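Participant: show me the folded form of this:
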Amino acid sequence: MTPTPNHSQTAYIPHIFHVIPSFSHGGVPIRISYLMNYFGQKARHTLLSTDKNYACETRLNAQVNYVIPEIGDADKGNILQRIGQYRKILKQIKPDLLLTYNWGSTEWALANSIKPLCRHIHLESGFGPEESKNTIPRRNWFRRLALRNIEAIVVPSNTLMTICKSDWKIPDQKIHYIPNGVDCEKYASEPQKGLIPNFSAIEDNQENTIVIGTMTPLRPEKNLPRLITAFRNMLKSCQKKKSDLNFKLVIMGEGNERKKLENMISDYGLEDSIYLAGHIDNPACALGWLDIYAISSDTEQMPNSLNQAMAAGLPIVGLDVGDVKFMLHEKNKPFITPAGDDSAFSRAMGELATNMPLRKELAQINKAHVKENFDQQRMFDAYAGIWGLRR
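Facilitator: The predicted model follows:
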């Protein structure tokens, strides 16, 4: 049951209303959960997921003071009717701060932009497959209208800073760059047995076995078919070279693409080499089973999973989208291949997979790099200022 705040005791505590397209397990909801947990009872929250998926609620600590509102049919009808209903809800809830997230919350942003009812900060973290290559002009115009009276917009990537200025015409002084942070100590944890389903044989005997993995929702823009095909092509290449190594691919995450991926793995005859592990509740204690972290997305901005993988001491192979290459140390950047060059992606994967000294070197470099540049305390301090909370 969702806890109900005692307003007589918490009236002085800032009230933050979050509107997010989905609170399912994914990068943005996980970051929100970290922030809510960190600030604890310094804020109280109303949390609205527009798709009614609250799976990430399991990540919230018991001391977090939040409610999930019942909005009835407010999201039905035409856009003018919806905007009117959203304004009524804002007047009823009376938050101190409205936080809207990504494209799916922009109608709520528009509702508050008409004679603003409260402080409003928008947070943009990335795009779906429909905007993987370019933003959509009609959405740009809508964002300009909906975000015209915001106090600020928060973005985690340099790419998004450019888009805010050029496509959405947001003034420089309103754009705040806050990189995603990671709990470096937590993600450096020793791996625990049994967290990855059907993986026990590899846990017990990792000699000569190289495990490549990723942790992501199974969604189209993550382009996991690219990763599976690159892995298959790497296997073929290593077989030609008569390598004595065994290779496994682990995909941690859940989503609508599962059946498609299962069929693809079966068609390739790789059921014994590729594991669709599903959602992992404690990824910090699962990443340590990997030797290489791979990212195959068509679109990213600043993926949390990359910071987590670096903190776990993993070398990274991927494609040059969003801030992926920017995030990494110079020595790891050669393994971030041009976007769309799937052959180069597969070759880079093979080079890392067959070079243990290089993997070990990059592991130590990445651990130090993420600690120096993306430790979570920097993120917490920056959001404390944005949210107006005591540090």
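Participant: any idea how far the residue lying closest to Ile170 once chain neighbours are set aside is from Ser157?
Facilitator: By the measure of Cβ to Cβ, 6 or more residues apart in numbering, the closest residue to Ile170 outside its immediate chain neighbours is Cys164, 4.5 Å from it. All C-beta atoms are positioned from the backbone trio N, CA, C, and that covers glycine. Distance, Cys164 to Ser157, by Cβ to Cβ, to the nearest Å: 10 Å.
Participant: am I right that Lys360 is in a strand?
Facilitator: No. According to DSSP: H, G, I helix; E, B strand; the rest coil, Lys360 belongs to no strand; its state is helix.
Participant: okay, now it: neighbour count?
Facilitator: Lys360: 13 surrounding residues under other Cβ atoms under 10 Å.
Participant: now swap in Ala188 and tell me
Facilitator: When neighbours are counted by other Cβ under 10 Å, Ala188 registers 16.
Participant: right, and the residue nearest to Ile170 touches His122 too?
Facilitator: No. Using Cβ atoms under 8 Å, Cys164 is not in contact with His122, being 9.6 Å away.
Participant: compare these two (neighbour count), which wins?
Facilitator: The residue with more neighbours, out of Cys164 and His122, is His122; 28 against 24, by other Cβ under 10 Å.
Participant: element containing the more buried one?
Facilitator: His122 is located in strand 119-123, with elements delineated by DSSP states H and E.
Participant: contacts for that strand, please.
Facilitator: Strand 119-123 is contacted from outside by 28, 96-102, 105, 109, 112-113, 147, 149-155, 386, 388, using Cβ atoms under 8 Å, 6 or more residues apart in numbering.
Participant: which residue ranges of the stretch 101-250 of the chain form helices?
Facilitator: Listed in chain order, the helices of the stretch 101-250 of the chain (DSSP state H, counting those that start in this stretch) span 106-113, 137-146, 158-166, 184-187, 200-204, 224-240.
Participant: rewinding a little: got the angle for the strand holding His122 vs helix 106-113?
Facilitator: Strand 119-123 and helix 106-113 are oriented at 160 degrees to each other (axes from the mean of the first three to the mean of the last three Cα atoms, to 10 degrees).
Participant: now do Lys42 against Tyr12, distance only.
Facilitator: Distance, Lys42 to Tyr12, using Cβ to Cβ: 11 Å.
Participant: oh, that last question was meant for Pro220, not what I typed.
Facilitator: For Pro220, the distance to Tyr12 equals 45 Å [Cβ to Cβ].
Participant: so those two - more neighbours on which side?
Facilitator: Shown here are Pro220 and Tyr12; by other Cβ under 10 Å, Pro220 has more neighbours (17 against 5).
Participant: what residues are up against that one?
Facilitator: So Pro220 contacts 129, 257 (Cβ under 8 Å, 6+ apart).
Participant: that one and Gly128: what is the separation?
Facilitator: 8 Å.
Participant: what mean pLDDT does stretch 294-312 get?
Facilitator: For stretch 294-312, the mean per-residue pLDDT is 91.
Participant: quick one: distance of that stretch to the chain centre.
Facilitator: Here stretch 294-312 is found 8 Å from its chain centre; the criterion is Cα atoms, centre = their mean, to the nearest Å.
Participant: now for Leu145: which residues touch it?
Facilitator: Contact partners of Leu145, counting by Cβ under 8 Å, 6+ apart, are 110, 113.
Participant: scratch that, Tyr38 is what I was asking about
Facilitator: Listed by Cβ under 8 Å, 6+ apart, the contact set of Tyr38 reads Phe380.
Participant: element containing it, please.
Facilitator: Assigned by DSSP H and E, Tyr38 falls in helix 27-39.
Participant: Leu48 now?
Facilitator: Using DSSP H and E, Leu48 falls within strand 44-49.
Participant: please apply the same query to Leu98.
Facilitator: Using DSSP H and E, the element containing Leu98 is strand 97-101.
Participant: partner strands of that strand and their direction?
Facilitator: Applying DSSP bridges to the sheet, strand 97-101 is found paired with strand 15-20 (parallel), strand 119-123 (parallel).
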